[in-house]
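In: here are the coordinates; sequence isn't available:
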C-alpha cells in the first residue's frame, strides 16, 4: 500500500503557487473542498485559473478567493449567485470562460484518462463552438473539445483511506471523481480518513492511484444553498 | 421506479436476430453473461458480430457460439485459448478485428456516453493505426477511434435490482459496466435480483437507466481459466 | 384564457410517458413533476448526479449532500442512484434520458433555441443546457408565449446567442401547443378560450394552421 | 554467465521505486513481483481491473471473480480496489501507472517494440499491450537477448508488426542492461561474466559502449 496521508491542509497544499491552474470539485456548495479552499485563502496565492463548475457564493466556497482577488480566470458552466463575481466580471478584472457542464465534466475525465480530445454535440452552432473544429457523425454535427491541463486538483470525498481510495456521498460526488488524476497533483480531503483495508474494494469510487495526497478535513460547514422542504402532514 | 425485470433469458433475448452486432461483457471467462450466451446458442441466431474482449474457450463462453458457427466476426483484443476459434480464423470462416484492450473499452464507453470519436495514442504507428486519422497532441501522436455501434449488449452483474441498477463483484466487473447503454438494448443478468431500494444508491456501479432488461441467471458455473494457488505453510 | 405556469406544466405532464427518464429544467419544467399521472412509472434525472429524485425532504431532514441541479435539497425514491458528472452527462449525451423539458427566452421556427445569454447583461452561464439541447431526442420547451415587454418568443430566427440549433421539437406556452416542422411552427392545440388569431398575433415566426385546432385538455 | 529468467526479474526489480504503481506483463515480468524489496511501497495494477494485487490464494480459497490479466486466480492486499476496463485504461493511458514491464519479440534501436504478431502464425491479439506501450512514460522490456534460433532480438529496425513506436526506454536481457538513446542501444551493465564482445555479437542494432561497463549487481 502506497501511503498518501498527510497531516493537514498545510502539507497537502505544498507547492501551490501564483499563476497555477486549479481544479476544484463540487456543484454549487455541495461537495466543495472547504478545507483546501480555506488554505488557499490563507496562502494568498494569486493569479489563479480555477476550473470549477460554479464559483461559490459571496462568503463561501470560491467566493472567498474572489473576495481576496486571488482568481484571474474562472472556467465554469454556471456562475450566478455571487455579487462579487459579477462585479469583477463586469469590470473586466476577472476573465470567465463558460463551458457546457457536460463538456466541463468530460474534459476533466479526458485529462484523467489520457484522451487529449473528443467530439461532442454540445455547443455546436453556438458561441461555444466558434473557432472549434466541427464534424458530422451520423448526420449530426459535433465539435472537438480538448482535455484540461491543470496543476492541482482539489476534491472532497466522504470517506477515504491512507491508500488514497475515495468514496463519495450522494450528490456531493458530482465533479470530484472526474477531477481526480486530471491534474498533476490531486489533493483529496475527506470527512473520515480510515486505515487501508477498511473500505470495501468493490465500492471504491476513485482508486488511490488517482490521488497524490489525502487528509482529513478539520471541519465541514456544508452550507445549504437552497433549503427546500415540505411540511409534515 | 421503472421496472426492468423480465422472468428469464427467454424474454430478455426477445428481438435478437441473425446478423446483429452484440456486445458481451467479461474478461476471459470472468464475469461473462453465461445465461444469455446459453440462450443465444438455443436461439441458433447466426451471422453475429460479437464485440467481446475474448472469445471464450472451446466448450465455454463464446466458444459455445463458435462451435455452432453462429459468429461471423469477432471484435476483440485477445483471442487465444480456443482451438475452434483458431481453426475458423485460419480457414477464413471467421473474420477477426483485433482492437487494443483500452481502445476496446473506451469505444464501448464512448457509445454509452454519446461521444462519437476520441483520440488515443494506442496503436499509432502500428497496423491498428493504418488508415486512421492521426494527430499530434503535445508532441505525441494519437489516432482517432470511433464509438462502437451495437444492437444488444449482454452483461453480467453480481447484484441487481428491479430498476436495473447493477453492482459488480471483483474483477468480474471488467467490460460489463462500459457496455451498459452502449447498445440499443442492454440485457443484464445477475446472480441476485433484489427489489428496488435494497441496493445502496451510493454504491451502484451502473444506474438502471443504462439497462433495458434485467433477469436473474438460472445458474452460474463461473469456470476458472487458470487456477493458481499457493500451498499453506 | 391563457394558461398559468402551473397549467403549462400540467399540459406538458401529458407528454411524459410510462417508462420515461426525464430531465427537468429550472422554473416551469420543475412543476411538471407535480402533474405526472401516478399510474405510470417515470424517473427524474438531475444532471448534478442523481436519478430517481423524490419530493423535497420534511423539515429537519434536509441533507446538504443531496440536492438537485437547482441546488435545492431533495430526497430520493427506492431504486435511486448517485453518480459523477461524467456519467450524468453520459446519460444525457448518450440519449438515455428520453425527455428534456426546459425553459427558453426565444425559439425559432427552425428549432433553434436561446436561453442562456442576453448581451450586455450579466451572463450566468449555460450550465447543462447546451449538452441537454444538443443531445436530447425529445425536447419540450415550456415558456410564456411572449416576454414581459409583450414581444413574441416564437421567432423566425433567434436574436439572442443560441443554446442549440434545430433541436426543439415541441413548445408548450400559455397560449398554445406547437410543434416545430421543416416549414415552421405547427399549431396543434389552443389554450382554452384562446383563438387562433390571438396565437397568430403573438407569434412572430411562421405559424402553420391546418384544419380545426382543438382546445387543450388539461 | 547469462542470467536465468528469475535473475532478469531480480535485476528489473531494482528499477521499481518506492511509491510506484506497476503493471507487469505475462512471463518474466510477472516474476518481478517476487523480488521487489519489502521496505518500499509498491502497488501492482492489472489491466483487467484491480489495483493492489497480492499473492496467489491458498488452495481452496480461489475466487473465480478475482483474477489478474493472465486469468490467474489472485488475492488482493489492504487498500486494493476493483474498477471497470475504461477506468483501468484511464490509469494506463493517463500515465498514472509509473512503470510498465513487459516482454518483447523484438526491440529496435529507436525504441520500437514488436511483441504481438508473427505473420503466418496464429495471432492471439495485442490485449492491452498497445495501450501500455503507447502510454507509459517508463517501459522496461524483459526478454532473452536472442530468440530460440539464436538471432538477436535487439535490431536496427523491427521486422515484425509493431506494437508501439519509439516507446522502449530500458531493456534487461539475460546478457545485459541497455538503455535506448537517440543514437542506439547504450550498454549500461553486463551480466556477471559476460563480456562486451559477447553482448556485441548478440546485438544486431547499433550498440553504444562508452567507458568501462560494470557487471550487474543482483
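Out: Looks like it arrived, so ask away. Only a predicted model underlies this, so the values are computations on that prediction, with no experimental measurement involved. Numbers count the residues shown, from 1 in each chain, chains lettered A, B, ... in the order given.

In: what's near enough to touch residue C:176?
Out: Counting by CB atoms under 8 Å, 6 or more residues apart in numbering or on different chains, residue C:176 touches C:145, C:187, C:188, C:189, C:190, C:191, C:194, C:199. Any C-beta I mention is one placed from the backbone N, CA and C, and that applies to glycine too.

In: number of nearby residues for the first one?
Out: One way to gauge burial is a neighbour count; for residue C:145, by other CB atoms under 10 Å in any protein chain shown, it gives 24.

In: Just confirm it contacts residue C:175, I think it does.
Out: Yes - between residue C:145 and residue C:175 a contact is recorded at 4.3 Å, counting by CB atoms under 8 Å.

In: Pull up the overlap in contacts between those two.
Out: By CB under 8 Å, 6+ apart, the residues touching both residue C:145 and residue C:175 are C:2, C:199, C:202.

In: Report the spatially closest residue to residue A:216, excluding sequence-adjacent ones.
Out: Closest residue to residue A:216 apart from its sequence neighbours, by CB to CB, 6 or more residues apart in numbering or on different chains: residue A:193 at 4.1 Å.

In: my read: the one you found touches residue A:161, true?
Out: Yes - using CB under 8 Å, residue A:193 is in contact with residue A:161, at 7.1 Å.

In: Those two - which one has more neighbours?
Out: Ranked by neighbour count (other CB under 10 Å), residue A:193 and residue A:161 place residue A:161 first, with 27 against 18.

In: quick revisit: ok, and which of the shared contacts of residue C:145 and residue C:175 reach chain B?
Out: With CB under 8 Å from any CB of the partner chain as the criterion, these include none near chain B.

In: For residue C:66, state which of those is nearest.
Out: residue C:2 (36.5 Å; CB to CB).

In: Tell me which residues touch that closest one, please.
Out: So residue C:2 contacts C:145, C:174, C:175, C:191, C:194 (CB under 8 Å, 6+ apart).

In: Need these in CSV (columns: pLDDT).
Out: Output for the contacts of residue C:2, formatted as CSV (pLDDT from 0 to 100):
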residue, pLDDT
C:145, 98
C:174, 98
C:175, 98
C:191, 98
C:194, 97
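
In: Tell me which residue of chain C is furthest from the middle?
Out: residue C:60 (31.0 Å; CA atoms, centre = their mean).

In: Next, work out how far apart that residue and residue A:222 are.
Out: Distance, residue C:60 to residue A:222, using CB to CB, to the nearest Å: 15 Å.

In: Show me the strands in chain C, by range?
Out: Per DSSP state E, chain C carries strands over the ranges C:20-24, C:42-46, C:50-53, C:76-82, C:99-102, C:106-108, C:113-114, C:139-142, C:154-155, C:170-172, C:176-181, C:184-190, C:207-208.

In: Report whether the worst-scoring helix or strand of chain A on mean pLDDT contacts chain C.
Out: Scoring the helices and strands of chain A by mean pLDDT, DSSP states H and E places helix A:83-90 at the bottom, with a mean of 88. Yes - Helix A:83-90 reaches chain C (CB under 8 Å from any CB) through A:86, A:89, A:90.

In: go on, stretch A:115-126?
Out: Yes - Stretch A:115-126 is in contact with chain C by CB under 8 Å from any CB, via A:120, A:121, A:122, A:123, A:124, A:125, A:126.

In: Would you reformat the shared contacts of residue C:145 and residue C:175 as TSV and include pLDDT?
Out: Formatted as TSV, those follow (pLDDT from 0 to 100):
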residue	pLDDT
C:2	93
C:199	98
C:202	98
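
In: Out of the residues you listed, name the ones that lie in helices.
Out: residue C:199 (DSSP state H).

In: how about stretch C:55-64: buried residues?
Out: Neighbour-count burial for stretch C:55-64, with 16 or more other CB atoms under 10 Å in any protein chain shown as criterion, is recorded at C:56, C:57, C:62, C:63, C:64.

In: Can you report phi and psi for the nearest residue to residue C:151 once chain neighbours are set aside?
Out: Distances taken as CB to CB, 6+ apart place residue C:204 nearest to residue C:151, at 7.7 Å, with adjacent residues excluded. The phi/psi pair for residue C:204 (degrees, to the nearest 10) reads phi -90, psi -30.

In: quick one: the helices in the chain?
Out: Just so you know, I chose chain A. A:9-12, A:34-43, A:63-67, A:83-90, A:101-113, A:176-179.

In: um, chain C though
Out: Using DSSP H, helices in chain C cover C:5-13, C:28-32, C:85-93, C:129-135, C:196-201.

In: weakest of those by average pLDDT?
Out: Note on the helices of chain C: lowest mean pLDDT is at helix C:28-32, with a mean of 94.

In: dump the residue contacts of the residue nearest to residue C:151.
Out: C:151, C:152, C:154, C:155, C:156.

In: For stretch A:30-44, buried residues please.
Out: Neighbour-count burial for stretch A:30-44 flags A:30, A:31, A:32, A:33, A:34, A:35, A:36, A:37, A:38, A:39, A:40, A:43 (criterion: 16+ other CB under 10 Å).

In: Can you tell me which of the buried residues of stretch C:55-64 is nearest chain B?
Out: The nearest member of the buried residues of stretch C:55-64 to chain B, counting by CB to the nearest CB, is residue C:63 at 11.8 Å.

In: Backbone dihedrals for the closest one, please?
Out: Residue torsions, per degrees, to the nearest 10, at residue C:63 are phi -120, psi 120.

In: who are the neighbours in contact with it?
Out: The contact partners of residue C:63, by CB under 8 Å, 6+ apart, come to A:170, C:57, C:73.

In: any idea how far it is from chain D?
Out: 26 Å (CB to the nearest CB, to the nearest Å).

In: follow-up on the earlier one: will you turn the buried residues of stretch C:55-64 into CSV that also has pLDDT?
Out: Below are the buried residues of stretch C:55-64 laid out as CSV (pLDDT from 0 to 100):
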residue, pLDDT
C:56, 94
C:57, 96
C:62, 96
C:63, 97
C:64, 97
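
In: Pick out the most distant pair among those.
Out: Top of the distance list for those (CB to CB): C:56 and C:64, 13.9 Å.

In: anything in contact with each of the two?
Out: Joint contacts of residue C:56 and residue C:64 (CB under 8 Å, 6+ apart) are residue C:73.
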